[in-house]
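In: this is a predicted model, with the sequence first.
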Amino acid sequence: MHILKLREGEEFIKLGQALKATGIVDSGIDAKEIIQQGLVLVDGEIEVRRGRKLYDGAEVSYDDEKISIQK
């Protein structure tokens, strides 16, 4: 599991940015494609918006990879 810490003063990170920041995808285009295909889950539900805001406590799943968003 990847733990992604929000930067000081940030309340959220967008889904596409989180996938790139953890190295799960190589580019924003890759993130857009897997999200639009319905392959990414946020808190157990399919998410198709690349700009979905992820707050402290959110969990993202793709394939066998998981991201936990923390403050």
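Out: Looks like it came in fine.
In: from here on, contacts and neighbour counts on C-alpha atoms
Out: OK.
In: what separates the longest helix along the chain from the chain centre, distance-wise?
Out: Using DSSP state H to define each element, the chain has its longest helix at helix 28-36. Chain-centre distance of helix 28-36: 11 Å, with Cα atoms, centre = their mean, to the nearest Å.
In: any idea of the mean pLDDT in the helix or strand just after it?
Out: Later in the chain than helix 28-36, the nearest helix or strand by DSSP states H and E is strand 40-42. Strand 40-42 shows a mean pLDDT of 98.
In: just checking, what packs against strand 40-42?
Out: The helices and strands touching strand 40-42, judged by 3 or more Cα pairs under 8 Å, 6 or more residues apart in numbering; DSSP states H and E, are strand 59-62.
In: partners of the strand it packs on, with directions?
Out: Strand 59-62 has its sheet partners listed here by DSSP bridges as strand 40-42 (antiparallel), strand 65-70 (antiparallel).
In: and the contacts of the longest one?
Out: Which is strand 65-70. Residues outside strand 65-70 that contact it (Cα atoms under 8 Å, 6 or more residues apart in numbering): 1-6, 22, 24, 54-61.
In: list the buried residues of that strand.
Out: 66, 67, 68, 69, 70 (16 or more other Cα atoms under 10 Å).
In: what pLDDT does the fourth one get?
Out: At residue 69 the predicted local distance difference test score is 98.
In: and what of residue 20?
Out: On pLDDT, residue 20 comes in at 97.
In: and it, helix, strand or coil?
Out: Three-state call for residue 20 (DSSP: H, G, I helix; E, B strand; the rest coil): helix.
In: contacting residues around it?
Out: Residue 20 is in contact with 26, 27, 28, 31, counting by Cα under 8 Å, 6+ apart.
In: okay, those residues in CSV with distance to residue 16, pLDDT and neighbour count next?
Out: Shown next, in CSV, are these (distance: Cα to Cα, whole Å; pLDDT from 0 to 100; neighbours: other Cα atoms under 10 Å):
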residue, distance to residue 16, pLDDT, neighbour count
26, 11, 96, 12
27, 9, 95, 14
28, 6, 93, 13
31, 5, 97, 20
